[in-house]
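Novice: A predicted structure for the sequence below; I have some questions about it.
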Amino acid sequence: NAGVTQTPKFQVLKTGQSMTLQCAQDMNHNSMYWYRQDPGMGLRLIYYSASEGTTDKGEVPNGYNVSRLNKREFSLRLESAAPSQTSVYFCASSAGTSTEAFFGQGTRLTVV
Amino acid sequence: AQSVTQLDSQVPVFEEAPVELRCNYSSSVSVYLFWYVQYPNQGLQLLLKYLSGSTLVESINGFEAEFNKSQTSFHLRKPSVHISDTAEYFCAVSLNSGGYQKVTFGTGTKLQVIP
């Protein structure tokens, strides 16, 4: 079982460049999430998608956009990368409100 | 609003010793409680969860956590740790917010097991 798959695993960007982080899940989950993880700050929600066709801002959405392409895929786009966006990004999915989230392996992004 | 506090950022403990990782939460409504574990360079994995019923929940690898409503705590314990338990542990609370699962994570506790 693949679970939640993120690509790429590592990326280095120059300030101002754009890129899209891809995420796909094969568990038929309705909800998908994008988090960033920074030392000492835990995981902070960037955007979420409660169901196919809907997306909403989380705690730290500035500088990001998302697309819920279909039920399986949820992408995160950085239009103009900044050094403050250097972080580890995790995609997650869940079936419902009382169930656990399943996480991808993460994308380590460095913006120089 | 809900929040999660993990007071200890790092906990060193000798192998085979007991450990407790503390988690306190605040919420004005009923929540679901989770502990996740993150091994180096990996994503988070569910360790255990409390949804309802018995306040003591156990994982398959010897961890347990007890939901204490009066103290709004969900501390994680293990009576005897192993080297392989070295990881970062995150407490999380979840509630139903407008049809989606709003999850708030603590800042994590790094458990370092010393041989």
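Specialist: Noted; the coordinates are in hand.
Novice: Contact partners for the closest residue to residue B:45 other than its chain neighbours?
Specialist: Spatial nearest neighbour of residue B:45, chain neighbours left out: residue B:37 (5.5 Å); criterion: C-beta to C-beta, 6 or more residues apart in numbering or on different chains. Placement of C-beta: from N, CA and C, glycine included. Applying C-beta atoms under 8 Å, 6 or more residues apart in numbering or on different chains to residue B:37 gives the contacts B:44-45, B:47, B:87-90.
Novice: Tell me the one among those nearest to chain A.
Specialist: Nearest to chain A, judged by C-beta to the nearest C-beta, of those is residue B:44 at 4.6 Å.
Novice: what helix or strand is the residue nearest to residue B:45 on?
Specialist: Assigned by DSSP states H and E, residue B:37 belongs to strand B:32-38.
Novice: Tell me what angle the helix or strand just after that strand forms with strand B:32-38.
Specialist: Counting by DSSP H and E, the next helix or strand C-terminal to strand B:32-38 is strand B:44-50. Angle, strand B:44-50 to strand B:32-38, by axes from the mean of the first three to the mean of the last three C-alpha atoms, to 10 degrees: 150 degrees.
Novice: Show me which residues of chain B sit near chain A.
Specialist: With the criterion set to C-beta under 8 Å from any C-beta of the partner chain, chain B comes near chain A through B:6, B:9, B:32, B:34, B:36, B:41-46, B:49, B:51, B:90, B:94-96, B:98-101, B:103, B:105-108.
Novice: Helix, strand, or coil at the residue lying closest to residue B:102 once chain neighbours are set aside?
Specialist: Distance criterion C-beta to C-beta, 6+ apart; nearest residue to residue B:102, sequence neighbours excluded, is residue B:95 at 5.6 Å. Using DSSP: H, G, I helix; E, B strand; the rest coil, the secondary structure recorded for residue B:95 is strand.
Novice: Just the terminal-to-terminal distance for stretch B:55-67.
Specialist: 5 Å (C-alpha to C-alpha, to the nearest Å).
Novice: Contacts for that stretch, please.
Specialist: By C-beta under 8 Å, 6+ apart, the residues outside stretch B:55-67 that reach it are B:23, B:33, B:35, B:47-50, B:68-69, B:73-80, B:85.
Novice: from the middle of its chain, how far away would that stretch be?
Specialist: With C-alpha atoms, centre = their mean, to the nearest Å as the basis, stretch B:55-67 stands 10 Å off its chain's centre.
Novice: Give me the average confidence score over that stretch.
Specialist: Stretch B:55-67 shows an average pLDDT of 89 in the prediction.
Novice: List the buried residues of that stretch.
Specialist: Counting neighbours by 16 or more other C-beta atoms under 10 Å in any protein chain shown, one finds that the buried residues in stretch B:55-67 are B:57, B:59, B:63, B:65, B:67.
Novice: Need the residues that contact the helix or strand bottoming out on mean pLDDT in chain B.
Specialist: Using mean pLDDT, DSSP states H and E, strand B:100-105 stands out as the lowest-scoring helix or strand of chain B, at a mean of 80. Contact partners of strand B:100-105, identified using C-beta under 8 Å, 6+ apart, comprise A:31, A:33, A:35, A:42-45, A:48, A:50-51, A:56, A:94, A:96-99, A:101, B:2-4, B:34, B:36, B:90-96.
Novice: Quick check on those residues: which are buried?
Specialist: A:31, A:33, A:35, A:42-45, A:48, A:50, A:94, A:97, A:99, A:101, B:2, B:4, B:34, B:36, B:90-95.
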